[in-house]
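Trainee: Got a sequence here, can you build the structure:
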Amino acid sequence: MVRLAVAGAAGKMGRRIIALACQREELSVVAALERTGHTNLGVDAGSAAGIGHIQIPVQDHTEADFDVLIDFSRPEGTTKWLEHCLGRKRAIIIGTTGHSTEQLAQIERAAKTIPVLKAANMSVGVNLLLKLAGQVAAALGDDYDIEIVETHHRFKVDAPSGTALALRDAIVESTGRDADKDVIYGRRGETGRRPRRQIGVHALRVGDTVGDHVVHFGNLGETLVLKHVAHTRDTFATGALRAALWLADRPPGRYDMQDVLLK
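Mentor: Here you go, the predicted model:
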């Protein structure tokens, strides 16, 4: 059995991870974690997740022995829980996005000591989309304009989404573009003619949208669209739990969902 600690336990993703993990015999939730001062501290994690009491209170620290910590908190939360995992020599799954350059460097350094799986999106479908986007961009070449559009709920605090940036990176890597010179984030005013090889990235915030990602490839004669729509957060939570089972006995290193799902 894999013992889980869940950071961001009172958030939308954390609650679903806890609820789904409690339905699986091969998983055990042993710690539910939130930031210091959170209003849910002391609340039973199962009650917060809508599944009834599980005798695990939401806390801002834990002495429980866990195998994998799943982090869906905030960038500053990742820093705290990463240090905790390093001190305990335990694996961590990072679903949080919006990290700074220094925070990303810290994650990479930690992967030399513990297993670290970081993914912008835990969905099976999205990870297939990432692979396809790179392949399609390489096959179509520079005659096709590329635009990435992501839509999320009004409460999301970072933009563009981590998944949109992962799509950007997949296309940049497969086509030899420059992530700094060839990518534009939104447009406004007199922008001039669209340059060849430019990748446009756009973020929409609409109501309670769970997560939509669309990649447009178009030339003067046709348009090809790759699209993924998430109907429920459970698709991400299920992927995170699958990753936890996979990561628990891995050696130190930097992993992503492509390792879990597609290799």
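Trainee: quick one: average pLDDT of stretch 144-153?
Mentor: The average pLDDT within stretch 144-153 is 98.
Trainee: and it, how far from the chain's centre?
Mentor: 17 Å (CA atoms, centre = their mean, to the nearest Å).
Trainee: Also stretch 191-203?
Mentor: How far stretch 191-203 lies from its chain's middle: 25 Å, per CA atoms, centre = their mean.
Trainee: where does the stretch 51-200 of the chain dip in pLDDT?
Mentor: Within the stretch 51-200 of the chain, not a single segment meets pLDDT under 70.
Trainee: Tell me where it has helices.
Mentor: 75-88, 101-110, 124-140, 162-175 (DSSP state H, counting those that start in this stretch).
Trainee: between those helices, which one is nearest to Leu261?
Mentor: helix 124-140 (5.3 Å; CB to CB). The way it works is simple: take the backbone N, C-alpha and C, and place the C-beta from them, glycine included.
Trainee: And that closest one, what does it pack against?
Mentor: helix 162-175, strand 211-218, strand 223-230, helix 234-247, helix 257-261 (3 or more CB pairs under 8 Å, 6 or more residues apart in numbering; DSSP states H and E).
Trainee: could these go into TSV alongside distance to Asp182?
Mentor: As requested, the helices and strands packed on helix 124-140 are exported to TSV (distance: least, CB to CB, whole Å):
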stretch	distance to Asp182
helix 162-175	7
strand 211-218	15
strand 223-230	19
helix 234-247	29
helix 257-261	23
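Trainee: Lys112 is nearest to which of these?
Mentor: Of all the helices and strands packed on helix 124-140, helix 234-247 comes closest under CB to CB, at 15.8 Å.
Trainee: Show me what counts as buried in that closest one.
Mentor: Within helix 234-247, the residues that qualify as buried by neighbour count (16 or more other CB atoms under 10 Å) are 235-241, 243-247.
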